[in-house]
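Here is my input; please provide its structure:
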Amino acid sequence: MQYLVLIYSAEGAQPADAERVGGMMVEYNDYSTMLRDSGAFKAGEALQPTSSATTIRVRDGQTLTTDGPFAETKEALGGFYQIEAKDLDEALKLAAACPGAKWGSIEVRPIVDFDAGQVPG
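Here you go, the predicted structure:
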């Protein structure tokens with residue numbers, strides 16, 4: 001089964017100085033390598049800050065765009081991994097090793113497999 005490991009943190013909560021950022025990137029590279037070596041890695045990316053987002057809504061046939069995120073939140077989605085795990089317990093174990101868990105929160109969500117006849121909810 002596939003899961004998304006969603007990495008949330010308060011923007012600016014990550015290390016700011018170059019040495020600490022470098023150390024954080026080493027941790028993420030090691031985490032990515034561990035996921036690849038275990039066969040769990042499917043995809044993963046970091047996201048630009050929420051200030052670079054554009055939100056789109058379509059209401060009554062009109063497309064409305066707004067610069068920035070949809071809602072003000074304390075934590076923002078900063079990146080994700082898509083992983084393969086045998087079950088939720090394994091997915092949670094893999095997600096707990098994510099470096100972002102040290103300063104933010106990690107959300108683990110199953111991916112719907114439409115080809116297998118799954119439906120959301």
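
Where does the spatially closest residue to residue 66 that is not a sequence neighbour fall, secondary structure wise?
Counting by C-beta to C-beta, 6 or more residues apart in numbering, residue 66 lies nearest to residue 55, which is 4.6 Å off, once chain neighbours are set aside. All C-beta spots, glycine's among them, are computed from the backbone N, C-alpha and C. Per DSSP states H and E: residue 55 is located in strand 54-59.

so what's residue 44 up against?
32, 35, 79-82 (C-beta atoms under 8 Å, 6 or more residues apart in numbering).

My error: substitute residue 61 in the last question.
Neighbours of residue 61 in contact, by C-beta under 8 Å, 6+ apart: none.

just to revisit the earlier point, after the strand holding residue 55, heading C-terminal, what element do we hit next?
strand 62-67.

following that next one, which helix or strand comes up?
Defined by DSSP H and E, the subsequent element after strand 62-67 is strand 76-84.

And residue 72, what's its pLDDT?
With respect to pLDDT, residue 72 scores 65.

Same check on residue 19?
Taking residue 19 on its own, its pLDDT is 60.

show me where the chain has strands.
2-9, 41-46, 54-59, 62-67, 76-84, 105-110 (DSSP state E).

show me where pLDDT drops low in this protein?
12-21, 69-72 (pLDDT under 70).

What is the neighbour count of residue 5?
27 (other C-beta atoms under 10 Å).

pretty sure it is touching residue 79, no?
No: contact criterion C-beta atoms under 8 Å: residue 5 and residue 79 do not qualify, at 9.1 Å.
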